[in-house]
Every structure is written in C-alpha cells, then in structure tokens.
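J.: Please find the sequence and the predicted model below.
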2 protein chains.
Amino acid sequence: MPDPADAPPPIPATRPTSKDVAKLAGVSQSTVSLVHAGKWAGRVSERTVRAVIDASNTLGYRPNQAARHLRLGTTRTVLLVVPALTNPFFGAVHTGASETAARRDFAVVIYPAPVQPGYELEPVASPFAAAHTALDGVLASSTAADTLSGLLGTGTPGTGLPLVMMDSEPGTGAPTVNIDIADGMRRLTTHLLGLGHRRIGRVVSDIDSWTFRTREAAFRETLSAAPGAEASYARTPMAVPEATTAAGHLLDRPRRPTALVCDDDVIAAGAYKAARARGLRIPQDLSVTGVDDLLVATVLEPELTTIRLPGHRLGEVGMGALLDLLDGRQPEDAALPGELLVRGSTAAPPTNA
Amino acid sequence: MPDPADAPPPIPATRPTSKDVAKLAGVSQSTVSLVHAGKWAGRVSERTVRAVIDASNTLGYRPNQAARHLRLGTTRTVLLVVPALTNPFFGAVHTGASETAARRDFAVVIYPAPVQPGYELEPVASPFAAAHTALDGVLASSTAADTLSGLLGTGTPGTGLPLVMMDSEPGTGAPTVNIDIADGMRRLTTHLLGLGHRRIGRVVSDIDSWTFRTREAAFRETLSAAPGAEASYARTPMAVPEATTAAGHLLDRPRRPTALVCDDDVIAAGAYKAARARGLRIPQDLSVTGVDDLLVATVLEPELTTIRLPGHRLGEVGMGALLDLLDGRQPEDAALPGELLVRGSTAAPPTNA
DNA sequence: ATCATGAAGTCATACGTATGACTCCAGTTC
DNA sequence: GAACTGGAGTCATACGTATGACTTCATGAT
C-alpha cells in the first residue's frame, strides 16, 4: 500500500464549497462567507480578502444557492403569471420584468396560465403549489384577483405570498400596476368621432378581465357624449379566424358600421379579412382600429391605427413594485400611459353612409 | 408573572415545518418526511400515514424547497436560453418546454439572450452566473455552442452543467434537438422550381447560426440540381423595415427574381411591402415564401407559403432530452420535421419573365 | 504595569429536510 | 425458553451557508 502522503492531492469531483476555499486560503469558513457577502468591512483585512478571492477563483467557487436560501429564508425567485407567452405582448412584459429582477438579483419563473374562462384552478394549482415554498413573491397579470389570492391563501397562517397584480382592478387587496387603457380608449374614440363616425362596431374579446371591461367602459362613456352616436357588438376569442367571423356579422348588418373598434390587433386583422371578403376598402369604406401595436399592426395594409401598450415598461414597473413590496415598502398603484398611433386604417366615413 | 402553562398555545407566524407536523401528529420528524416523500411502504402504518396527512393539512404544511434542495443536492430548476421572447416562436418553445418540465416537477427559468452579433458574453454571464449553482441543467437555443459551453465551463472541476442545445450543429459536444429545416427547405425549393421559377432571390437573416446556415445550404443544394437556375442575395436583420429595404434591392436588379425565398415570415412581410411599393402583384408577378408560420403568415394578403416550424414540440423534445440527461440517460440527437404549407403567395412565374 | 479599545478573525449554531443505521416489540419457530 | 424475524418507528447526522457571540492580540491611554 503506497504512502497516502505521496498520493496526488485529491481533486474533488464535486462542486467546491466555502470550506474548500477556506482551507486553500488558510482562513476559516466564516471569513470566506463574509468576503463573499461583501460584509467584511472592519472584520477582515484587505490582504485576507484578496487571498480568499484568489482561492475562490482557482477553485471556481460559487456559493451554493440552496444553502443560502435555507439560511436566509429567501429564494430570490419570483413567479410571473401570464396568460400565454405566444402572445408577444407578454414576451415584452417578461423581458421588462426579468431585466428589473436581474438587476436586483432575483430570478423569474414563468407560469403561463390558461386564460379561458376566468381561470381554471386545477392546472394552476399543481405546479404552482410545488413551487410555492420556493417563491418569494408573485407578479400576476390579467386574471381574476380573487381566484389567485385564494390560491395564495392568507387562510392558513404564514402562507400568504407577496403579490402584485398587473392590469387588474385596483383597490381589491394587492397593489396594482396597470396600463391606463381607459385614457387610450377615450383618445381613440374621440379620434373616430372627430373624423365623423357615428355608427361604430365593437369587436370585443370574450375574456372577462379588467382591461377589457375598462376598454369598453371608456368607449361607451366617450360615445355617449356624442349625440346620435350608436354602437353594435360582436364578441370573439382573440384569434384571426374567429374574429373574422365576428367582424363579418357586424358588417352584414343592415345599417353597417362605418368603423370597427377592435379589442386588440389580432382581432383587427380578422376585421381586415372580413372587410376584404365583402369588397370593402379600408379606410375609404371602413375604418378599423386595434390595441397593442403588435407586429401585425404594421404588416396589415393599410397600416393599423392602434394604441401602443408599453408591455416592457409594464413588466419593469410591475417587478419594481413587487421587489419594493418584498423590501417592506408598500408600493403605490401605478398607471402607465398608452399611446394612440394614428395610421392609415382610419379616415372619414363614406359620404353616402 | 402568569404561569406560562396557562398561556394560549403559541401560533407561529412562520411557515410550519415538518417538526411542527410531527408534534401535532405525535410522531417523529423522520416519519413526516417519509410520508411526504411517499417512501413509507413497509416503514409506516397506514393509520400513522393518515395522521400525518391530516396534521399536514390542518397546518397547511408544504415542504421547504430550499431545505430539500440543499439536502438532495438538486434544485429541480433548469435554465432556458432563448434569443427573445418577443418572438412568438420562442414563446411556443417555452410553453412546450415548461409543460414537459412541470410534468416531471421541474421549474423553468428563462434567460432571454441578446441575439446580435453572435452572442454578447457579458450580459449573459452575469445573471447566469448568479443562478449558476441553483440550476440543474440548461436548455439553450440558437446560439454559438462554443460560447455557451465556455460559459458552462467544464474547465474548472465540477462546474460543468448538463446542457442540451436546440437548433444547433450536431456532434459538437452537447446533445442536440433540431428542426429538420434542411428537409423543409428542399421541399420548398423544389416546389418553386416545379412552378417554373429559375431566378430566385434569397433574403437571408444576418444571424450566423446553424439553422440559417442549414437553410441556405439546403436551398443551394436543391437549386444546383436545376439547370439554369440562379440565385441572388440580400442580407437583413429580422425586422420588417430593414427587410423591406433588403428585398427592394433584389427587386430593383436588372434581371429581377421571380420569387423571393425569405429566411422567416417577418422578412417575408418586408418583401410584401417592397413588392407593393413597386406595383408588383403577389403571386402573379412575384412569388414569396417564408419560414415559421407565425401569425403574420395568414394575415398577409395573399396568405404566405411557408414552412411551419413545430416550436412547441421542439420545446417538449428538447426538455425531454435534458431531463433524460439529468437522469443519467444519454439522449440521442433528434430532428423534428417541419411542414411545407403551400398558400396563395406562390404561383408560376410571369410568362414574359 | 493595568486597562480599555479596536481590528482581525474564529466558533458554534441554526436553517429544514432526507435517510442509513438503529431500537423496540410482538409474534413465530425450533 | 432461546433465538430469530419482520413491522413500525426513531435517532442522529449531513447538506453549505450566514451571523451573533466570542477570542486574540497589538496599540495606546492612564
């Protein structure tokens, strides 16, 4: 049996720990921890700090997150609940949110939630519950606040999870960060009324959530101020084929609307198809508007008049509010302005209308 | 001083632990752990199991993830690296990936990476490094494999992280899961050649990655088999305005191409704009094709002939491969078929061409 | 010489779980 | 009655970190 002292120094296959670094640097594990936490001022000399850093680098040491999570009682991970990432708007929200989170050393886990109708509890509950205890907070979008907060359950003690809602009814418990879509919708409606439109069709989303209720309320409120103005309605899922059908119903009415105000750009794309199928020219025979300013808005011919929603900013501000909440500061409800973009799809109604 | 025995039972504000459950159920902490892990067969009687479950429910107990991560040396969290979530294709990839992950109790953290040019290392490295030790593996898409694997560093011992690449050069280290875009591109090119096109313009992405190199290689290979066929090129970022300009250059050439084969649907949307600006009708004067089958493909008029990429499936299969890898099984390289969708944007070239 | 002071570290412990090694006991077998 | 068996649990410990309490030592003040 060879002398063990002659054996090459054992290279551990496992990830190095603070103890390994301590041994190499000739200090205690505490010191390593202090250095890595940046809390060594007045406790560790600069020379020792350098030695620890050098040792850490040669070993490729990274603090074990699981251990610090356990010790600190925090995971620096938050959950982002969005309806579907296949909608680029929520891609933007995520990007904004995780940039802000990263800046404050938080990770973001996404849970894409089924949208329709309201919220299915089952599919949300299970992966969510699994991650439950590994989360510090939740940033949720476009959903019934009560369902979600029921899920977060302040019922059982110590179970409540800090929550910020995006695009949701303010004043219902959780802090909210919204896009001021009411303002945008008023400006849009005013724009159409100013062009002379009086018979306006609304192609609305079949999702019952704050943002769509608000869009409709702002529309009606603005319309009611214009004498003689009237509205007709069609409801549709937010997909092109269905929206085409829904918009078609409005266009087939005896007193055809001269403008279609759609709840988002995808629905507007359907409206274009319906108009085209009936030989109606946009904007000469029919004005069309959307909401979102997605890629399709500028691909449509003519380009779509729409309200640009600041998704990226929404994510930033929403995440900022959540992180403030986690720091113990109570964030104020926020409302971000949308922007009316007037493009080629709106014009004065035909004179014979 | 009142008798402490008379004080009401202290209700802890903190989350209950397995110890609390144990006390309530009158068993040891070990037993609680065994029950929750489902490993009690032959070690705990059914009556006791029920008692533990009841106690857990009344207290609202959830195992602390940080503690089990530490104990088990695993976090059940993987990183998904994608270029940008604002591209709905990657939204689909994420959805597929996280569904598969959830089914096996894994969480997915996204890191949206800057695409251009190649990969910036700095921005990737920092949030990534932070999460580094909290990850079990990485599923990465569309990037230079060497940059990323350098980041994952098998250099320092014990630092390597299991990695699966999507849409990347096979055989360069990590297992790959790709879309067989070469096959799709061959079919697409054959389709155009069959219609009679011989002068074909290529509007290619300026990103240098496997998928785009492969598209081009398959195109050229197919074209070279057709006598007299020739190709012209324009390079562009994947955004509508730039693509419009690039496609315009091709259309302004003396011997104008009769078809434009674009590297994706967004670029194709730009080609539509360029054609329209020059009074060219699609498909009578010019055929156009894309790749992806995004929403825009069916919004364009006429609808776009394109290759549908199974993004959702890519995410599923990619995540499956990664989880297999984590289980110690070596996954095989996979290639998923794309689907050629012939729509209204392709037809025979004009006879006078 | 004695004491206080502050710098530079180390010690010991707790976070909550999972699990291999035990113990204990009621039957059973010889 | 002794030895064994298997069921039902418990014990003790380790995972890697962060941090309040402690120690040590040199310096300067008294």
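T.: Yep, that arrived.
J.: you'd agree residue A:317 is in a strand?
T.: No. Using DSSP: H, G, I helix; E, B strand; the rest coil, the assignment for residue A:317 is helix, not a strand.
J.: what sits against it?
T.: A:96, A:177, A:334, A:336 (C-beta atoms under 8 Å, 6 or more residues apart in numbering or on different chains). C-beta coordinates here come from the backbone N, C-alpha and C atoms, glycine included.
J.: so the first one makes contact with residue A:312?
T.: This means residue A:96. Yes. Between residue A:96 and residue A:312 a contact is recorded at 3.9 Å, counting by C-beta atoms under 8 Å.
J.: Low-confidence bits of chain A, can you list those?
T.: Applying pLDDT under 70 to chain A picks out residues A:1-13, A:113-133, A:142-160, A:353.
J.: gap between the residue at minimal distance from the centre of it and residue B:83?
T.: Centrality entry for chain A: nearest residue to the mean C-alpha point is residue A:93, 3.7 Å, by C-alpha atoms, centre = their mean. From residue A:93 across to residue B:83, the span is 17 Å (C-beta to C-beta, to the nearest Å).
J.: Kindly report the same for residue A:194.
T.: Distance, residue A:194 to residue B:83, by C-beta to C-beta: 42 Å.
J.: These two: which is more packed in?
T.: For residue A:194 and residue B:83, the more surrounded residue by other C-beta atoms under 10 Å in any protein chain shown is residue B:83, and the numbers stand at 20 against 10.
J.: Relative to residue A:91, how far out is that one?
T.: Applying C-beta to C-beta, the value for residue B:83 to residue A:91 is 11 Å.
J.: do residue A:222 as well
T.: Distance of residue A:222 to residue A:91, given as C-beta to C-beta: 31 Å.
J.: Which one of these two is surrounded by more residues?
T.: A direct count of neighbours by other C-beta under 10 Å for residue A:222 and residue A:91 places residue A:91 higher, at 27 against 20.
J.: correct me, but the more buried one touches residue A:84?
T.: No. The criterion here is C-beta under 8 Å, and residue A:91 misses it with residue A:84 at 9.9 Å.
J.: overlap in contacts of the two?
T.: residue B:91.
J.: Please enumerate the shared neighbours of residue B:83 and residue A:91.
T.: Jointly contacting residue B:83 and residue A:91 under the rule C-beta under 8 Å, 6+ apart are residue B:90.
J.: For the stretch 1-150 of chain A, give the residue positioned nearest to chain B.
T.: Ranking the residues of the stretch 1-150 of chain A by distance to chain B (C-beta to the nearest C-beta) places residue A:60 first, at 3.0 Å.
J.: any chance you could map the helices in chain A?
T.: With helices called from DSSP state H, chain A shows them at A:18-25, A:29-37, A:46-59, A:65-72, A:88-103, A:121-132, A:145-152, A:181-195, A:210-224, A:240-251, A:265-277, A:295-299, A:311-326.
J.: Compile those into a markdown table and extend it with columns for distance to residue B:200.
T.: Putting those into a markdown table (distance: least, C-beta to C-beta, whole Å) gives the following:
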| stretch | distance to residue B:200 |
| --- | --- |
| helix A:18-25 | 60 |
| helix A:29-37 | 58 |
| helix A:46-59 | 54 |
| helix A:65-72 | 52 |
| helix A:88-103 | 30 |
| helix A:121-132 | 46 |
| helix A:145-152 | 52 |
| helix A:181-195 | 43 |
| helix A:210-224 | 45 |
| helix A:240-251 | 29 |
| helix A:265-277 | 29 |
| helix A:295-299 | 23 |
| helix A:311-326 | 37 |
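J.: So what's the residue count around residue A:349?
T.: 21.
J.: how about the closest residue to it other than its chain neighbours, what does it touch?
T.: For residue A:349, ignoring the flanking residues on the chain, the nearest one in space by C-beta to C-beta, 6 or more residues apart in numbering or on different chains is residue A:258 at 3.6 Å. By C-beta under 8 Å, 6+ apart, the contact set of residue A:258 is A:197, A:198, A:199, A:200, A:286, A:287, A:349, A:350, A:353.
J.: what does residue A:216 give?
T.: A:202, A:204.
J.: Please apply the same query to the one 5 residues further on.
T.: Residues near residue A:221 by C-beta under 8 Å, 6+ apart: residue A:186.
J.: And it, how close does it get to residue A:215?
T.: Counting by C-beta to C-beta, the gap from residue A:221 to residue A:215 is 11 Å.
J.: what do you get for residue A:292?
T.: Distance from residue A:292 to residue A:215, by C-beta to C-beta: 11 Å.
J.: repeat for residue A:233
T.: In this view, residue A:233 and residue A:215 are 13 Å apart by C-beta to C-beta.
J.: Mind checking which of the two has more residues around it?
T.: Set residue A:233 next to residue A:215 and count neighbours by other C-beta under 10 Å: residue A:215 wins out with 24 against 12.
J.: From chain B, how far out is the nearest residue to the more buried one once chain neighbours are set aside?
T.: Spatial nearest neighbour of residue A:215, chain neighbours left out: residue A:185 (5.0 Å); criterion: C-beta to C-beta, 6+ apart. Per C-beta to the nearest C-beta, to the nearest Å, residue A:185 is found 23 Å from chain B.
J.: which residues sit in contact with residue A:185?
T.: For residue A:185, counting by C-beta under 8 Å, 6+ apart, the contacting residues are A:214, A:215, A:218, A:219, A:222, A:291, A:307.
J.: how near is it to residue A:70?
T.: 48 Å.
J.: The closest residue to residue A:271 other than its chain neighbours and DNA strand D, how far apart?
T.: Distances taken as C-beta to C-beta, 6+ apart place residue A:247 nearest to residue A:271, at 4.1 Å, with adjacent residues excluded. Residue A:247 is 57 Å from DNA strand D, where distance means C-beta to the nearest atom of the strand, to the nearest Å.
J.: Contact partners for residue A:247?
T.: Counted by C-beta under 8 Å, 6+ apart, residue A:247 has contacts A:201, A:203, A:234, A:236, A:260, A:262, A:267, A:270, A:271, A:273, A:274, A:275.
J.: The stretch 1-150 of chain A against DNA strand D: which residues are in contact?
T.: A:14-15, A:17-19, A:29-30, A:33-34, A:36-37, A:39, A:61, A:63-64, A:67-68, A:70-72 (C-beta under 7 Å from any atom of the strand).
J.: Any quick PyMOL command for the buried ones out of these?
T.: Entered in PyMOL, the line below selects the buried ones among these, by 16 or more other C-beta atoms under 10 Å in any protein chain shown:
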select buried, chain A and resi 15+17+18+33+34+36+61+63+64+67+68+70
